[in-house]
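**Student:** What follows is a predicted structure for the sequence shown.
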Amino acid sequence: MDAAKPTTAAPHDRARPLAAGGTYPARDLCSHCGLCDSRWIAYVRRACAFLEQRFEAMEQQAHGRSRHLDDEDELYFGVQRRMFTARLRQPLEGAQWTGIVSRLGVRALETGLVDAVLCVGQSDHDRFTPVPRLARTPEEVLAARVNKPTLSPNLEVLEQLPGSGIRRLLAIGVGCQIQALRAVQDTLPLDQLYVLGLPCVDNVSRAGLQTFLESTVSSPETVVHYEFMQDFRIHFRHSDGRQETVPFFGLDTPKLKDVFAPSCLSCFDYTNAGADLVVGYMGASFGRQWITVRNPRGEELLALVEDELDTAAVSSRGDRRAAVQQGIEAYDKAVKLPRWLAEVLGWLIGRIGPQGLEYGRFSIDSHFTRNALWLRRHHPAMAERHIPAFAQRIVSRYRLPPVAAAPPPGAAVAAADPGAPSPRPGGAAGGSPDPQRPDRLECSQN
Ligand code: FAD
Ligand code: SF4
Ligand code: SF4
């Protein structure tokens, strides 16, 4: 990938990672993807997902074309060759779902497809503190299984590439990380790059996660795993094996109003547009994973594990639209439901609500409308150029509250009815506009 490298030093050869305590170029919108913690900060102006939206160019570069906006599946889920649902016939103990992602990483190393896998381990003292690493052995990939549901500086490990002997890399990551990676891909000292994406929404800082756990679950210190599931409940697993579920609609939203990271409140890359292959769950029925193959490289990756999968076609049931519209209004009014009502609604919506791909569209609609409104209220001058064309089209299908009618600081973000967006925890200080932050983002880096 550096074959065409000029003889003069490239910008990243002259650059240094951001100094400790330095201001990240995207300021409050920074998702701490890690790029600026590497010398590839040299390209931050065009690489950062929060300084410049470049979905069409990225899709063109990665897949040979941008998504067809008139194709409903591509409008929602991005460029694709095929989508289906799957589970590993022998699920991987301790994985987030059945472990398709980790198994793919293991097979990529075992077969010699790549020299290393960029994945996210956990710190020695905290299961939820992410530690990105370049795994060189199957054991290291397996040790990184399960989500660390917090912002992770994955791209800081680019700094370790020069001189490492790694020429072929499989990168696992969420959308903002992959957008930056794609933008600097051609400058990396690599011969091959494969990208395995995870869908992602409403991520949190470690402090935000703590707020979420403490306000939601019986014993936060024993939680080892959780997921927002397609049955409209959050499923927690504790270290003693105990399972606990909480309906989305029963979250303590007044306490959670500030936990969403500003990056994630301005993000429209839910389905990871730049990845070769995406492995999530939200378009699949309960208990299964959801696979989107975007290009031939994605097929190549999938072939590593396809004979180990129990697969099924994607399905879709219900009609999300009225629920999304009601949810937008309820969310804006910030109503909190009593637990008994949340339980009843959760039970009901789990039976008659959207399922399969329609659940995926429900979640995308709910989050895109919320994020568009957040941007228009908090960063009005940049909002329209920051919202990509596919998201603009989706958002335009709904009636949004007036931009000027932002809830007062301190108002709760709540899910008041079956249509409310699934609240997922986020980072710190999500809802507060930053009066210091310019609406046209500028940075001092190249
Ligand atoms: P495992 O085999 O358990 O592997 C998990 C992989 O995740 C590991 O390789 C690890 O490197 C990587 N990882 C862990 N933490 C992070 C992190 N913070 N950043 C980047 N990579 C990480 N799917 C949906 O369908 N809808 C969602 O809204 C959604 N939100 C997500 C939010 C986050 C922050 C993350 C990390 C994932 C999210 N996913 C979402 C993906 C989903 O939860 C599963 O990770 C995915 O289906 C793979 O499951 P698995 O059992 O195959 O993964
Ligand atoms: Fe933050 Fe953007 Fe730099 Fe990533 S590229 S660390 S999101 S400023
Ligand atoms: Fe990055 Fe978007 Fe996920 Fe936030 S929601 S961590 S900005 S991909």
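**Tutor:** Nice, thanks for sending it over. Ligands and ions are numbered 1, 2, ... in the order given.
**Student:** pLDDT weak spots in the stretch 151-300 of the chain?
**Tutor:** Residues of the stretch 151-300 of the chain meeting the criterion pLDDT under 70: 254, 257.
**Student:** what are the ranges of the helices in it?
**Tutor:** 175-184, 206-216, 253-256, 262-265, 296-303 (DSSP state H, counting those that start in this stretch).
**Student:** deepest of those helices, which one?
**Tutor:** helix 175-184 (a mean of 27; mean count of other C-beta atoms under 10 Å). Yep, even glycine has a C-beta here, placed from its N, CA and C like the rest.
**Student:** now it: how far from the chain's centre is it?
**Tutor:** 12 Å (C-alpha atoms, centre = their mean, to the nearest Å).
**Student:** returning to that earlier point: adding distance to residue 43, write the helices of the stretch 151-300 of the chain out as a markdown table.
**Tutor:** Output for those, formatted as a markdown table (distance: least, C-beta to C-beta, whole Å):
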| stretch | distance to residue 43 |
| --- | --- |
| helix 175-184 | 5 |
| helix 206-216 | 27 |
| helix 253-256 | 35 |
| helix 262-265 | 18 |
| helix 296-303 | 22 |
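**Student:** For residue 287, find the nearest of these.
**Tutor:** Comparison of the helices of the stretch 151-300 of the chain against residue 287 by C-beta to C-beta identifies helix 296-303 as nearest, at 20.1 Å.
**Student:** Can you name the element that comes right after that closest one?
**Tutor:** Next along the chain after helix 296-303, taking DSSP states H and E as the criterion, comes strand 309-313.
**Student:** Identify all contacting residues around that next one.
**Tutor:** With C-beta atoms under 8 Å, 6 or more residues apart in numbering as the test, strand 309-313 has contacts from 84, 85, 86, 87, 88, 89, 100, 288.
**Student:** which residues does the first one contact?
**Tutor:** Read that as residue 84. Applying C-beta under 8 Å, 6+ apart, one finds that residue 84 lies in contact with 291, 311, 312, 313, 314.
**Student:** dump the residue contacts of residue 65.
**Tutor:** Taking C-beta under 8 Å, 6+ apart as the criterion, residue 65 is in contact with 59, 79.
**Student:** Let me know the pLDDT of it.
**Tutor:** On the pLDDT scale, residue 65 is placed at 98.
**Student:** do the same with residue 355
**Tutor:** Note for residue 355: predicted pLDDT of 90.
**Student:** Please name the bridge partners of it.
**Tutor:** Listed by DSSP bridges, the beta-bridge partners for residue 355 are residue 317.
**Student:** need the contact list for it.
**Tutor:** Applying C-beta under 8 Å, 6+ apart to residue 355 gives the contacts 230, 285, 315, 316, 317, 318.
**Student:** Give me the buried subset of these.
**Tutor:** 230, 285, 316, 318 (16 or more other C-beta atoms under 10 Å).
**Student:** just to revisit the earlier point, in TSV, list the contacts of residue 355 along with distance to residue 339.
**Tutor:** TSV is the format used below for the contacts of residue 355 (distance: C-beta to C-beta, whole Å):
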residue	distance to residue 339
230	21
285	27
315	32
316	31
317	28
318	25
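**Student:** So which of the contacts of strand 309-313 sit within strands?
**Tutor:** 84, 85, 86, 87, 88 (DSSP state E).
**Student:** Taking those residues, tell me the two that lie furthest apart.
**Tutor:** Pairwise over these, using C-beta to C-beta, the maximum falls at 84 and 88, 13.9 Å.
**Student:** okay, the helix or strand encompassing residue 349 in PDB with CA atoms only?
**Tutor:** Assessed by DSSP H and E, residue 349 sits inside helix 339-352. Extracted in PDB, the C-alpha atoms of helix 339-352 (Å, rounded to 0.1, in the frame of the first residue of the first chain):
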ATOM      1  CA  ARG A 339     -41.500   0.500  35.700                       C
ATOM      2  CA  TRP A 340     -44.700  -1.400  35.500                       C
ATOM      3  CA  LEU A 341     -45.800   0.500  32.400                       C
ATOM      4  CA  ALA A 342     -42.300   0.000  30.900                       C
ATOM      5  CA  GLU A 343     -42.700  -3.700  31.500                       C
ATOM      6  CA  VAL A 344     -46.100  -3.900  29.900                       C
ATOM      7  CA  LEU A 345     -45.000  -1.900  26.900                       C
ATOM      8  CA  GLY A 346     -41.800  -3.900  26.600                       C
ATOM      9  CA  TRP A 347     -43.800  -7.100  26.600                       C
ATOM     10  CA  LEU A 348     -46.300  -5.900  24.100                       C
ATOM     11  CA  ILE A 349     -43.800  -4.400  21.700                       C
ATOM     12  CA  GLY A 350     -41.700  -7.400  21.900                       C
ATOM     13  CA  ARG A 351     -44.600  -9.400  20.500                       C
ATOM     14  CA  ILE A 352     -46.200  -7.100  18.000                       C
END
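**Student:** Output the contacting helices and strands for it.
**Tutor:** Other helices and strands packing on helix 339-352, by 3 or more C-beta pairs under 8 Å, 6 or more residues apart in numbering; DSSP states H and E, are strand 243-247.
**Student:** where does this protein come near ligand 1, residue by residue?
**Tutor:** The chain comes close to ligand 1 at residues 92, 95-102, 119-120, 130, 144-150, 152, 154, 172-174, 198-201, 203, 227, 279-282, 289, as judged by C-beta under 6 Å from any ligand atom.
**Student:** So which of those belong to strands?
**Tutor:** Using DSSP E, those in strands are 119, 120, 130, 172, 173, 227, 279, 280, 289.
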